[in-house]
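Asker: I'd like to go over a predicted model; first the sequence, then the structure.
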Protein chains: 2
Amino acid sequence: MVANIYATFRLHKFFCIFFFEYPGEARFLVVFTPFLYFCPVEKPGLPSGTRDFAPDVMLKRKYIMGAIESVFRLYGFLPLETPAMENLRTLQGKYGDEGDQLLFKILNNGDFLSKADVDALEKRDSKKVLQSISDRGLRYDLTVPLARFVVMNRDKITFPFKRYQMQQVWRADRPQKGRYREFWQCDADVVGSDSVLNEVDLVKIYDEVFSILQLPVTIRINHRILFDAFADYLGGGNALQRLMQLVDKNDKIGFEGVKKEMESSGIQHAVSFWQFLFETNALHSNHAKLDAIRSHPGGDSGLLEDACADLERIFSLVKTKQNFILDLTLARGLSYYTGAVFEVVPSAESLPENFQIGSIGGGGRYDNLTGVFGLKDVPGVGISFGLDRIYDILDAAKLFPEISGNDVRVLICPMLETCIPMAFELVNILREGNISAEVYPGAVKIKKQLDYANQRKIPFAAIIGEEELKNRNISLKNLNSGEQHNYPIIQIPEHLHLWQF
Amino acid sequence: MVANIYATFRLHKFFCIFFFEYPGEARFLVVFTPFLYFCPVEKPGLPSGTRDFAPDVMLKRKYIMGAIESVFRLYGFLPLETPAMENLRTLQGKYGDEGDQLLFKILNNGDFLSKADVDALEKRDSKKVLQSISDRGLRYDLTVPLARFVVMNRDKITFPFKRYQMQQVWRADRPQKGRYREFWQCDADVVGSDSVLNEVDLVKIYDEVFSILQLPVTIRINHRILFDAFADYLGGGNALQRLMQLVDKNDKIGFEGVKKEMESSGIQHAVSFWQFLFETNALHSNHAKLDAIRSHPGGDSGLLEDACADLERIFSLVKTKQNFILDLTLARGLSYYTGAVFEVVPSAESLPENFQIGSIGGGGRYDNLTGVFGLKDVPGVGISFGLDRIYDILDAAKLFPEISGNDVRVLICPMLETCIPMAFELVNILREGNISAEVYPGAVKIKKQLDYANQRKIPFAAIIGEEELKNRNISLKNLNSGEQHNYPIIQIPEHLHLWQF
């Protein structure tokens, strides 16, 4: 047992005090510092908000990422990867003030202070000093790097450009349950096409991925132009923006909550519109909802027609296995999106009781991806999968298939040094047949070898002792049932297939 | 055409000067700064030493990584991933002084100067200030994170622990051809076993991966104990270390070069030993080399026996398709390795003329992976693949298979708006049969649609016009041969299979 040291204080030049836990109880010790070299060296840890992914977790993550990637590829999307570091001027100003705060900045190498802003340094102005000692930051999302890539390579890219990207992003948020400083995004975007047929494919991708993962979900869709059509009716752009912010809170605070916040934030006149949206949203079919909103007298009929035509086209071409509903209370944030917006939530019946989780995917259409880098009129539409949340749900709902635990089928156990060449002969035969297998590294006691097989969850052991060596007849043992038979070495692969489980 | 601005200087409060290239010639312009808002906005770029991987490159990289990963899995290795960021105290002091310099450090978030070392700040001592404003750095290799992981999870890990890890690392080296600040390592290690049977598997992994990639290589092996056996003969540890450093230069500067450097660095007495090594190395077989070194009168016979026994065991169990040779001039660096060492170089005949490249893989045995974190006596052995160099060779030698260019087989081309539902009907049929396909997003001119197919290198087009719509008979065109036939919609998948190329 190792003692956990949880605090150290220096009392005096020659003494310090350690607080530690051993065995399970808090204790302390005063130490004469010249003896300190007897103490254990540093205990390593992870930066707050980051995680190691041990093999059992990695295999499950790969299962999810494999499902997403295979569907992206089937739909004609191609992979892109961009560097972890971007120039700070590429990142800054793209995510609002709060986003700028949450960027991880990389210190310039070498004698960075020699180029620091002297005035700002004297004044201890961290914000200003930063600009002179850091030129790079870590990627904050996958959309700004995509925009930068499109601008830099616009002469080489074939448009419509269908790319997917599955990489980490970093945000210096306060870590908490389900929120990390390093997390994964899995995005697919179509850049350079304003056809709503792209939206059809993206909804089908959501449907297909969650079918493969056997996770029932609801795919929600709405259209930003439906809101825009009521801008004048609501009294202008500001009221509309505030409405969209509040509408998004419906999932959390409900109809009455949204209503109260509307009243207290100066858009009382929007309350009746909110009531209309909420009630229309309860109608039984997507088409009934569209008919109701079309006949609202306050809407701009041209804009309403545009939005409804898009949505009707999508509904007519998408045939999902999952729930696919028009959700008029879906707005998805403020200024970015300009057309259809999507969100995916797990169906309540697929979740364990009391399991709270938000959306596991989202996206939408934007009209101006690259404007901020000086390239105008590049439209696009994209979706994103929240890998970490999907993992948490599949784990809690026990939806991971058994196979994703390990892929070694056979541990080959040599009981004597002299059996090792035959062990390698067998492992070669198995691997040539594409059966994952390994030889225990050393002719140690058979119990130790089988313990290792059990801990690794390897289902079969091929045991080679003196008898087996003589007869070239190997003892194959099913470690789950305990069943055991001898077979000629060359027949082991076929018997493994027969015993498959 | 866009003008490339390559320098800007401010001349005066109200004037600045731009140097730019347009059209293709250098020009300059003096600008009255209040007019500057007419200028194009920022042109985005990449941090020096980093790269985007566009889809064509990504597909080839995935082909290499897929080959490596499939063999790792076949041999029973399991995936591990660790965070991009590590605590600086985990990284510092592990890679020597030069390594510490090359670490990318992440600035602490928020008002970082408030906690900065005031004395050091006054003295502009960057090195000391660093410790108080940066707690984290970017991963420098995959070995220190592995050691940290093993120490933190030693109670949960089943030993021997066989893990692979394929992730980026970051080093603030001066960028140059083939050397990047962000690059990939693909490592496999066995931790917690001192059996030489692990070495056997690792050599076989090298052999199998390069067989799959169809790249002929030479796998070199040597044993550090062979050097240790001559420590006394050479006059102690320092002379031995210097010898090992110089021996590694043989590939670059040759026999005479190494000899000269030995003479000038005070180990003249090692020259005759170097001559012996070099001549022995030219012998025709691995066993002849071992016999020669065994019978050298200066060696410690116990150590020689240990090393030769290991090597003979490896030779007897490894049956490679590639060249596998004992190279007595291979030392691989200084203090880290303690047993067998490996290196992989591409065979000269596989390289294009005048193509210079170093090793594309390396590794070896170490006795004390985790000692630096306070966990003693954890032995291990590992290998690494140099992804970026392997990519460069396969690209230069044209060894990438054609298939890795794209996976969309069919572009479905609707010639009229009314054909779009049938286009989606067909794409659903194809995707259900796991054939990657896409509908061109919009019934635009057929030439534009076929241009897109050609640029994306999509081999087939399924064209749906008025006739096709009426008869449900789709026109399938082979875009390479120009051949074209009409088939009922439901038969398209089988005809694609027949036309496979």
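Answerer: On my side now, so go ahead.
Asker: could you pull up the residues touching the one residue sitting closest to the centre of chain A?
Answerer: Central residue of chain A (C-alpha atoms, centre = their mean): A:L387, 2.4 Å from the mean position. Neighbour list for A:L387: A:61, A:64-65, A:68, A:166, A:183-186 [criterion: C-beta atoms under 8 Å, 6 or more residues apart in numbering or on different chains]. C-beta here means a position set from N, CA and C on the backbone, and glycine is covered the same way.
Asker: give me the phi and psi for it.
Answerer: Per-residue torsions, A:L387: phi -60, psi -50 (degrees, to the nearest 10).
Asker: do A:L103 as well
Answerer: According to degrees, to the nearest 10, A:L103 has phi -70, psi 140.
Asker: now it: how far from A:G362?
Answerer: Separation of A:L103 from A:G362 (C-beta to C-beta, to the nearest Å) stands at 22 Å.
Asker: the closest residue in space to A:V247 that isn't next to it in sequence - how many residues pack around it?
Answerer: Nearest residue to A:V247, sequence neighbours excluded (C-beta to C-beta, 6 or more residues apart in numbering or on different chains): A:A331, at 4.8 Å. With neighbours defined by other C-beta atoms under 10 Å in any protein chain shown, the count for A:A331 comes to 24.
Asker: and A:E261, by the same measure?
Answerer: A:E261, neighbours per other C-beta under 10 Å, totals 15.
Asker: need the next SSE after the host helix or strand of it, C-terminal direction.
Answerer: Using DSSP states H and E, A:E261 sits in helix A:250-264. Downstream of helix A:250-264, the first helix or strand assigned by DSSP H and E is helix A:271-281.
Asker: got the residues of the stretch 401-501 of chain A near chain B?
Answerer: A:406-408, A:420-421, A:424, A:428, A:431, A:434, A:436-439, A:441-442, A:452, A:455-456 (C-beta under 8 Å from any C-beta of the partner chain).
Asker: if we can go back for a sec, pretty sure the residue nearest to A:V247 sits against A:R242.
Answerer: No: the criterion here is C-beta atoms under 8 Å, and A:A331 misses it with A:R242 at 10.9 Å.
Asker: can you list contacts of the lengthiest helix in chain A?
Answerer: Ranked by residue count, the top helix of chain A under DSSP state H comes out as helix A:55-74. For helix A:55-74, the surrounding residues in contact (C-beta under 8 Å, 6+ apart) are A:53, A:79, A:164, A:166, A:186, A:188, A:205, A:208-209, A:212-213, A:385, A:387, A:390-391, A:394-395, A:400-401, A:404-406, B:78-81, B:163, B:407, B:431, B:434, B:436-437.
Asker: so A:N222, which state does it fall into?
Answerer: Following DSSP: H, G, I helix; E, B strand; the rest coil, we place A:N222 in the strand state.
Asker: hmm, I typed the wrong one, I wanted A:N109.
Answerer: At A:N109 the chain is in coil, as set by three-state DSSP.
Asker: now do the strands in the stretch 301-450 of chain A.
Answerer: Assigned by DSSP state E, counting those that start in this stretch, the stretch 301-450 of chain A shows strands spanning A:323-326, A:340-346, A:361-366, A:380-385, A:410-414, A:437-439.
Asker: any chance of these in CSV with mean neighbour count and mean pLDDT as columns?
Answerer: Converted to CSV, these look like this (neighbours: other C-beta atoms under 10 Å in any protein chain shown; pLDDT from 0 to 100):
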stretch, mean neighbour count, mean pLDDT
strand A:323-326, 18, 96
strand A:340-346, 24, 96
strand A:361-366, 24, 94
strand A:380-385, 25, 96
strand A:410-414, 26, 97
strand A:437-439, 28, 96
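Asker: buried stuff in stretch A:315-324?
Answerer: Using 16 or more other C-beta atoms under 10 Å in any protein chain shown as the test for burial, stretch A:315-324 gives A:315, A:317-318, A:322, A:324.
Asker: one more: stretch A:216-227?
Answerer: Those would be A:216-227, for stretch A:216-227 by 16+ other C-beta under 10 Å.
Asker: hmm, back to that, closest one of the contacts of A:L387 to chain B?
Answerer: A:R61 (8.2 Å; C-beta to the nearest C-beta).
Asker: flag every buried residue along the host helix or strand of A:Y206.
Answerer: In this structure, A:Y206 sits in helix A:197-212 according to DSSP H and E. By 16+ other C-beta under 10 Å, the buried positions in helix A:197-212 come out as A:197-211.
Asker: keep only those residues that also lie close to chain B.
Answerer: Counting by C-beta under 8 Å from any C-beta, the members of those near chain B are A:197-198, A:200-201, A:208.
Asker: let's have those residues in CSV, adding pLDDT and distance to B:S134.
Answerer: Listed next are those as CSV, based on pLDDT from 0 to 100; distance: C-beta to C-beta, whole Å:
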residue, pLDDT, distance to B:S134
A:L197, 97, 49
A:N198, 97, 43
A:V200, 97, 48
A:D201, 97, 45
A:E208, 97, 45
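Asker: adding distance to A:L88, write these out as TSV.
Answerer: Output for these, formatted as TSV (distance: C-beta to C-beta, whole Å):
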residue	distance to A:L88
A:L197	38
A:N198	32
A:V200	38
A:D201	35
A:E208	38
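Asker: out of the residues you listed, flag the one nearest to chain B.
Answerer: A:L197 (4.3 Å).
Asker: might one say that that closest one is in contact with B:G442?
Answerer: Yes: with contact defined as C-beta under 8 Å, A:L197 counts as touching B:G442 (6.6 Å).
Asker: and the stretch 251-400 of chain A, which of its residues are near chain B?
Answerer: Contact residues (C-beta under 8 Å from any C-beta) of the stretch 251-400 of chain A with chain B: A:316-317, A:319, A:372-374.
Asker: low-scoring stretches of the stretch 101-250 of chain A, by residue?
Answerer: Low-confidence segments of the stretch 101-250 of chain A (pLDDT under 70): none present.
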